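In: sequence and predicted model, in that order:
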Amino acid sequence: MNTTVGLINTGSRKKKPEVSIRNRLKRQRYSDTDPNLRRFQRPCNHNTNSLKCSLVKISDIKNARKKFYEESAKSDLKVKKGW
């Protein structure tokens, strides 16, 4: 009785997590809907001593939104230093 036993690579036994509709909707809810600010309109044009809204550049707004929406899951949102 000469039998040989070979090694079989069955791979990982862990199930790969499926992206459910609920999780996909959560990611959409907490992600930036307009990252390039194509539909952005300034809400105000103050130009007083206390408020200078007209001097804020679109690039500044874009950078702030990029930092804010860095993580698209609510559980991953953390308080960033420097805010």
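Out: Received it, and whenever you're ready, just let me know what you need.
In: relative to residue 54, how far out is the nearest residue to residue 32 once chain neighbours are set aside?
Out: Spatially, and ignoring its direct neighbours in sequence, residue 32 is nearest to residue 69 (3.9 Å; CB to CB, 6 or more residues apart in numbering). Yep, even glycine has a C-beta here, placed from its N, CA and C like the rest. Applying CB to CB, to the nearest Å, the value for residue 69 to residue 54 is 25 Å.
In: so for the two, which sits in the more crowded spot?
Out: Here residue 69 and residue 54 are set side by side on neighbour count (other CB atoms under 10 Å), and the busier one is residue 69, at 14 against 11.
In: show me the residues around the more buried one that make contact.
Out: 30, 31, 32, 35 (CB atoms under 8 Å, 6 or more residues apart in numbering).
In: for the second one, the count of nearby residues, please.
Out: Counted with other CB under 10 Å, the burial measure for residue 31 works out to 12 neighbours.
In: and if you look at the first one?
Out: When neighbours are counted by other CB under 10 Å, residue 30 registers 15.
In: same question for residue 27.
Out: Neighbourhood size, residue 27 [other CB under 10 Å]: 13.
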